[in-house]
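Participant: build me a model:
(one chain, ligands or ions: 1)
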Amino acid sequence: MTVPVDAIVVGSGATGGVAALVLAEAGLQVLLLEAGPALSPRQARGSEPLNSLRRLAHLSSGRHRLQRHHPGYWKHNPELFVDERRNPYSTPPDQPFLWSRGRQVGGKSLTWGGITLRLSDFEFQAPALDGAGPAWPIGSTDLAPFYTRLERLLGVHAPATDCRSSPMGTTGRRCRSHRGSNGWARRSSGSSACP
Ligand SMILES: Cc1cc2nc3c(=O)[nH]c(=O)nc-3n(C[C@H](O)[C@H](O)[C@H](O)COP(=O)(O)OP(=O)(O)OC[C@H]3O[C@@H](n4cnc5c(N)ncnc54)[C@H](O)[C@@H]3O)c2cc1C
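Facilitator: Take a look at the predicted model:
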C-alpha cells in the first residue's frame with residue numbers, strides 16, 4: 001500500500017515533534033520517523049532502586065561512560081540515554097563535546113530539566129563577536145512570536161526578567177523554569193547570568 005505524504009520529519013524530539021505539528025496543522029500529510037520506542041510515562045520514569053542499579057550496570061559496562069557527566073543523568077531513568085557503545089562519536093582531541101542523546105519517542109524532552117530560556121541576541125551574534133564567522137541573520141525579536149506560541153502551547157515560559165542575555169518570556173503562565181534541581185536549573189536560574 002502506498003500512502004502519499006507531503007513531508008517526512010526524522011526524529012520526534014522537541015525539534016521534530018514541533019515541526020511535524022506545525023506542518024500537520026498547516027494541512028500537510030506528515031510522516032514522522034522515530035528510531036526509538038514509544039514509552040508510557042511509567043516506563044519512562046522507571047523506579048528506584050532499579051534506576052540506580054541500572055546506572056551502576058551501565059557505568060561499569062561502558063554504556064554510559066560519557067553521558068554520566070550530564071547532571072541530569074543522575075535524576076532520570078538511565079534507559080533514556082543511548083548506549084554509547086552502539087552509537088559512538090568522536091571529536092577533535094582539543095575540542096571535546098559532551099553529546100547527551102536519548103532514543104525514544106519525544107527524544108530528550110523526556111529528560112530535560114524544564115528550563116525554558118529564550119535565546120538572546122548574545123547567542124545570535126556570538127560568531128561575529130567571537131570572530132568565528134558571521135552573526136545569524138535573525139535576532140531574538142524575530143523569534144519572539146514563535147516562542148510566545150510555543151510557551152502557550154506547552155504551558156511554560158522564560159523567566160520574567162529584563163535581562164539582556166535572557167529575553168523575557170510570556171508572562172502569566174505556569175512557570176516551570178526553575179522547577180528542576182539538575183545542573184541546568186542551577187546554572188541558569190542565578191541572576192549572575194545577567195550581564
Ligand atoms: C538531562 C537533560 C536535561 C536537559 N535540560 C534542559 C533544560 O532544562 N532546558 C533546555 O532548554 N534544554 C535542556 N536540555 C536539552 C534539551 O532537552 C535538548 O536540547 C532538546 O530536547 C533537543 O531536542 P531535539 O528535538 O533537537 O533532539 P532530541 O530530543 O535528541 O530528538 C532527536 C530524536 O531523533 C530520534 N532519532 C535519532 N536518530 C534517528 C534516526 N536515524 N531515525 C529516526 N529517528 C532518529 C531520537 O530517537 C530522538 O527522538 C536537557 C538535555 C538533557 C539530556
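Participant: domain map for the chain?
Facilitator: 41-100, 121-193 (automatic domain parsing).
Participant: out of those, which gets nearest to the ligand?
Facilitator: domain 41-100 (2.3 Å; CB to the nearest ligand atom). Just so you know, the C-beta spots here come from the backbone N, C-alpha and C atoms, and that holds for glycine as well.
Participant: is any residue of stretch 122-137 near the ligand?
Facilitator: No: figure legend: stretch 122-137 not in contact with the ligand (CB under 6 Å from any ligand atom); closest approach 12.1 Å.
Participant: straight-line length of that stretch, end to end?
Facilitator: 13 Å (CA to CA, to the nearest Å).
Participant: about what we covered before: just send the domains of the chain back as JSON lines, with mean neighbour count too.
Facilitator: Listed next are the domains of the chain as JSON lines, based on neighbours: other CB atoms under 10 Å:
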{"stretch": "domain 41-100", "mean neighbour count": "14"}
{"stretch": "domain 121-193", "mean neighbour count": "14"}
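Participant: show me what V10 is bridged to.
Facilitator: L33 (DSSP bridges).
Participant: in this structure it contacts A20, no?
Facilitator: No: using CB atoms under 8 Å as the test, V10 is too far from A20 to be in contact (10.0 Å).
Participant: more neighbours, the two?
Facilitator: Per other CB atoms under 10 Å, whichever of V10 and A20 has more neighbours is A20, with 21 against 12.
Participant: now do the helix or strand hosting that one: which elements does it pack against?
Facilitator: Using DSSP states H and E, A20 sits within helix 14-25. Secondary-structure packing of helix 14-25 (3 or more CB pairs under 8 Å, 6 or more residues apart in numbering; DSSP states H and E): strand 7-10, strand 30-33.
Participant: show residues contacting the last one.
Facilitator: Taking contacts as CB atoms under 8 Å, 6 or more residues apart in numbering, the residues outside strand 30-33 that touch it are 3, 5-12, 16-17, 20, 23-24.
Participant: and this structure, which residues reach the ligand?
Facilitator: Checking the chain against the ligand by CB under 6 Å from any ligand atom, the hits are 10-16, 33-36, 70, 72, 100-104, 107-109, 111-115, 180, 184.
Participant: which of the residues you listed are buried?
Facilitator: 11-13, 16, 34, 36, 70, 72, 100-104, 107-109, 111-113, 115, 180, 184 (16 or more other CB atoms under 10 Å).
Participant: which parts of this protein are helices?
Facilitator: 14-25, 41-45, 50-61, 121-130, 140-154, 183-188 (DSSP state H).
Participant: these: lowest mean pLDDT?
Facilitator: Confidence, taken as mean pLDDT, is least for helix 183-188 of these (a mean of 34).
Participant: list just the nearest of the contacts of strand 30-33 to the ligand.
Facilitator: The closest of those, once distances to the ligand are taken by CB to the nearest ligand atom, is G11, at 2.6 Å.
Participant: I'm done for today, thanks for sticking with me.
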